[in-house]
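1. sequence first, then the predicted structure, then my questions.
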Protein chains: 2
Amino acid sequence: MRAIGEAAGVLSGSLYHHFDSKEAMVDELLATYFEALLGRYNEIIEAGRPPLETFREMVYVAFDTIEQHRAATRTLQNEGRYFAALPRFAYLKDRERTIEELWIGIIKSGKASGAIRSNLDPRTVYRFARDGIWVAARWYKPTGKLTHRDLADQFLTILLAGIAAPTTE
Amino acid sequence: MRAIGEAAGVLSGSLYHHFDSKEAMVDELLATYFEALLGRYNEIIEAGRPPLETFREMVYVAFDTIEQHRAATRTLQNEGRYFAALPRFAYLKDRERTIEELWIGIIKSGKASGAIRSNLDPRTVYRFARDGIWVAARWYKPTGKLTHRDLADQFLTILLAGIAAPTTE
DNA sequence: GTCTATAATTTGATAGAC
DNA sequence: GTCTATCAAATTATAGAC
């Protein structure tokens, strides 16, 4: 709390005028992140475009939202397990399940339309997509030459087409 | 330290007979992990098999080593950034760079031999491969039906061939 | 090699003046 | 809305008995 106060330009005691506890600060941070992410996912899905296009847009939104909510994603990555175990943060599991269902729905549509390979398990595809996006947030520095859009494109290239040359078995 | 002592069946004070500090415990944990991982990577590379076979074996070894060193990988994931900043743990960056060079060497060989698509940046391929493996360790439970070998196979399937159906585009 | 007891610091939080 | 001053608990580490 002392460090947070210093970053905010006040002493630690002053923070308690704005937040009941340290947990309350984390709560607002994480709730805001999930609200933003889910809102944008729903927008995209409601547009009703073809599955692979929707999938692509969702990847863009994920990278973009992670960039805009770095404190929340860093907290989730480093201490998500700890907070998720607290009663106050029970909603985290709900949010994550909702997000998983949105992705899996799109992946299933993709399989049904023939856009996504039929031999893949939707949940596994979701997990590897989510993980690849998620961990990129660890090393991605917005100050570099690579925008989050570039990063998303590289990721999508590999995820959609794989790394093996088509001529190779 | 009290929790560690409890897990070890002794009181916290007794731990200092075996380790100089809490940091020293983490140090041994992480050093052992990197020694094991690098040793196995080198074995595989020295076998001199074709790039894609070597790549595949390295993925297997990565999943296997993560499973065998769960405390080390969990520590690295949750607090790697903190420890890496301490002088005592300066070697972590060296180890990670060495590992990156091993992977990138194999990926470049794969591109040269035509086994890996020529339009991919080796460093980007490395990062997404590493990240996918790395994060799978977060949700993979060795008690489930899925062995780490199964997990590695699913990961390799997606990474090598992508998720898009060949007939599309 | 483990225990008891305790030192020294850090940390989340509070009360009340301004 | 911020500050001063402080509390209470937690945490890493140490000294010395057994």
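-> Right, received. Where do you want to start?

2. hey, let's count contacts and neighbours off CA atoms from now on
-> Will do.

3. quick one: average pLDDT of the helix ranked longest in chain A?
-> Taking residue count as the measure and DSSP state H as the definition, the longest helix of chain A comes out as helix A:22-46. Per-region confidence: helix A:22-46 scores 98 on mean pLDDT.

4. now it: buried residues?
-> Applying a neighbour-count criterion of 16 or more other CA atoms under 10 Å in any protein chain shown, the buried positions in helix A:22-46 are A:26-27, A:29-31, A:33-34, A:37-38, A:40-41, A:44-45.

5. equivalent analysis for stretch A:106-122, please.
-> When neighbours are counted by 16+ other CA under 10 Å, the buried residues of stretch A:106-122 are found to be A:106-111, A:114-118, A:120, A:122.

6. can you get me the start-to-end distance on that stretch?
-> 9 Å (CA to CA, to the nearest Å).

7. do that stretch and chain B meet?
-> Yes - figure legend: stretch A:106-122 in contact with chain B (CA under 8 Å from any CA of the partner chain); contacting residues A:G114, A:A115, A:I116, A:R117, A:S118, A:L120.

8. would you list the phi and psi of the closest residue to chain B within chain A?
-> In chain A, the residue that lies nearest chain B is A:G162 (3.6 Å; CA to the nearest CA). For A:G162, the backbone dihedrals (degrees, to the nearest 10) come out as phi 80, psi 180.

9. just put the residues of stretch A:106-122 next to chain B in JSON lines and tack on pLDDT and secondary structure.
-> What follows is the residues of stretch A:106-122 next to chain B, written out as JSON lines (pLDDT from 0 to 100; DSSP: H, G, I helix; E, B strand; the rest coil):
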{"residue": "A:G114", "pLDDT": "95", "secondary structure": "coil"}
{"residue": "A:A115", "pLDDT": "95", "secondary structure": "coil"}
{"residue": "A:I116", "pLDDT": "95", "secondary structure": "strand"}
{"residue": "A:R117", "pLDDT": "92", "secondary structure": "coil"}
{"residue": "A:S118", "pLDDT": "91", "secondary structure": "coil"}
{"residue": "A:L120", "pLDDT": "90", "secondary structure": "coil"}
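
10. of those, list those near DNA strand C.
-> Counting by CA under 7 Å from any atom of the strand, nothing from the residues of stretch A:106-122 next to chain B sits close to DNA strand C.

11. nearest to A:R81, of those residues?
-> Within the residues of stretch A:106-122 next to chain B, distances to A:R81 taken as CA to CA reach their minimum at A:L120, with 28.4 Å.

12. which ones are touching the closest one?
-> Under the criterion of CA atoms under 8 Å, 6 or more residues apart in numbering or on different chains, the contact list for A:L120 reads B:I163.

13. re the thing from before, quick one: the residue of chain A closest to chain B and B:L156 touch, right?
-> No - the pair A:G162 and B:L156 does not pass the contact test of CA atoms under 8 Å, sitting 9.3 Å apart.

14. higher neighbour count, those two?
-> Per other CA atoms under 10 Å in any protein chain shown, whichever of A:G162 and B:L156 has more neighbours is A:G162, with 23 against 20.

15. what pLDDT does the more buried one get?
-> pLDDT recorded at A:G162 is 84.

16. gap between the nearest residue to it once chain neighbours are set aside and A:A72?
-> What sits nearest to A:G162 in space, not counting adjacent residues and going by CA to CA, 6 or more residues apart in numbering or on different chains, is B:G162, at 3.6 Å. Counting by CA to CA, the separation of B:G162 from A:A72 is 30 Å.

17. now swap in A:K145 and tell me
-> For A:K145, the distance to A:A72 - CA to CA - is 23 Å.

18. ok, the two, which is more surrounded?
-> A direct count of neighbours by other CA under 10 Å for A:K145 and A:A72 places A:A72 higher, at 21 against 8.

19. which residues does that one contact?
-> Contacts of A:A72 were listed using CA under 8 Å, 6+ apart, and they are A:V26, A:L29, A:L30, A:Y33.

20. what do you get if the cut-off is 10 Å, keeping everything else the same?
-> For A:A72, the contacting residues are A:V26, A:D27, A:E28, A:L29, A:L30, A:A31, A:T32, A:Y33, A:F34, A:I66, A:G80, by CA atoms under 10 Å, 6 or more residues apart in numbering or on different chains.

21. for stretch A:50-62, give the mean pLDDT please.
-> Mean per-residue pLDDT for stretch A:50-62: 97.

22. that stretch and chain B, any residue contact?
-> Yes - judged by CA under 10 Å from any CA of the partner chain, stretch A:50-62 and chain B are in contact via A:L52.

23. so what's the most centrally placed residue in chain A up against?
-> Using CA atoms, centre = their mean, the residue of chain A that lies closest to the mean C-alpha position is A:A62, 4.8 Å off. Neighbouring residues of A:A62 by CA under 10 Å, 6+ apart: A:L37, A:L38, A:R40, A:Y41, A:R56, A:Q68, A:R130, A:I133, A:W134, A:H148, A:A152.

24. how much space separates the first one from A:G9?
-> It refers to A:L37. Look at A:L37 and A:G9: by CA to CA, they are 29 Å apart.
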